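# sharing a model that was predicted from the sequence below.
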Amino acid sequence: MANSWNNRIKFIVRYMYDYDGNGVLDQNDFECLAVRNTIMEGKGDWDPIKYEKNKTVMINLWQQIADIADFDKNGEVDTEEFMGGVETACKGKSYEELPEAFKFFIVAQFRTIDVDGDGSIGLDEFRYDCVSRMAYSTVEVLDEAFKKVAESEELTLARYQDLYAQFLGNPDENCVACSLFGPLPEL
């Protein structure tokens, strides 16, 4: 059931947003993600102007997540709360219908993966993104996942946006979007 909707949302929490690894989402995770994204976009260089932009995007994303998912209003969003919020805000919706902060995050995430800045994610960039998040015993599983999501051996921003929206919102365990972040572990 690694591709189930519940498992995909748990994956997002654990591997994409819970950056400090404490098991819940809070503002600190998104401030850390702003630093990470700034450094990755700059290929190691630090640009304070880009950081301020990334920080604004990440804090807005956190505020939007907190608004839709922090049901007990304790300043933290656990996995169950996040699932409830995503189900309401994203399930069954296209990229254009997602909350604005989610769309900004998706574009920012794409920019960090598109290391060479050519406007598309190639196989090497896809592999690098996957292994920076999780361990894989063979490269072939990554290559196979990339073949599923890529068109003409690349993953464009438009395709990434569409697949990310499907990853969040399409309950079909066989949808192509299940491979967007490589093979998923069962959580």
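Looks like it arrived, so ask away. Numbering: from 1, shown residues only.
# lowest average confidence, helix or strand, in the protein?
The helix or strand of the chain with the lowest confidence, counting by mean pLDDT, DSSP states H and E, is helix 100-113 at a mean of 88.
# following element in sequence after it, please.
Proceeding N to C from helix 100-113, the next assigned helix or strand is strand 120-121, under DSSP states H and E.
# touching that following strand from outside, list them.
By CB atoms under 8 Å, 6 or more residues apart in numbering, the residues outside strand 120-121 that reach it are 110, 113, 114, 129, 150, 154, 155, 156, 157, 160. For the C-beta atoms, the positions are set from N, CA and C on the backbone; glycine is no exception.
# likewise for stretch 166-176?
Residues outside stretch 166-176 that contact it (CB under 8 Å, 6+ apart) are 1, 3-5, 8-9, 12, 86, 90-93, 98, 102, 148-149, 163, 177-178, 180-181.
# same thing but at 7 Å, please
Applying CB atoms under 7 Å, 6 or more residues apart in numbering, the contact partners of stretch 166-176 are 3-5, 8, 86, 90-93, 148-149, 163, 177, 180.
# for the least confident helix or strand of the chain, buried residues please.
When burial is assessed from 16 or more other CB atoms under 10 Å, helix 100-113 yields the following buried residues: 101, 102, 103, 104, 105, 106, 108, 109, 110, 111, 112, 113.
# now do stretch 48-67
Buried, per 16+ other CB under 10 Å, within stretch 48-67: 50-51, 53-55, 57-62, 64-66.
# so for it, what's the average pLDDT?
Computed over stretch 48-67, the mean pLDDT rounds to 92.
# thinking again about what came up before, please convert the buried members of the contacts of strand 120-121 into PyMOL selection syntax.
Buried subset of these, written as a PyMOL selection, criterion 16+ other CB under 10 Å:
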select buried, resi 110+113+114+129+150+154+155+156+160
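# among the contacts of strand 120-121, which ones are in strands?
Among the contacts of strand 120-121, the members found in strands (DSSP state E) are 155, 156.
# from the contacts of strand 120-121, which is closest to residue 141?
Nearest to residue 141 among the contacts of strand 120-121: residue 129, at 14.0 Å, using CB to CB.
# who's in contact with that closest one?
residue 113.
# from residue 136, how far out is it?
12 Å (CB to CB, to the nearest Å).
# likewise for residue 70?
Taking CB to CB, one finds residue 70 at 33 Å from residue 136.
# name the residue in the two with the higher neighbour count.
residue 70 (21 against 15; other CB atoms under 10 Å).
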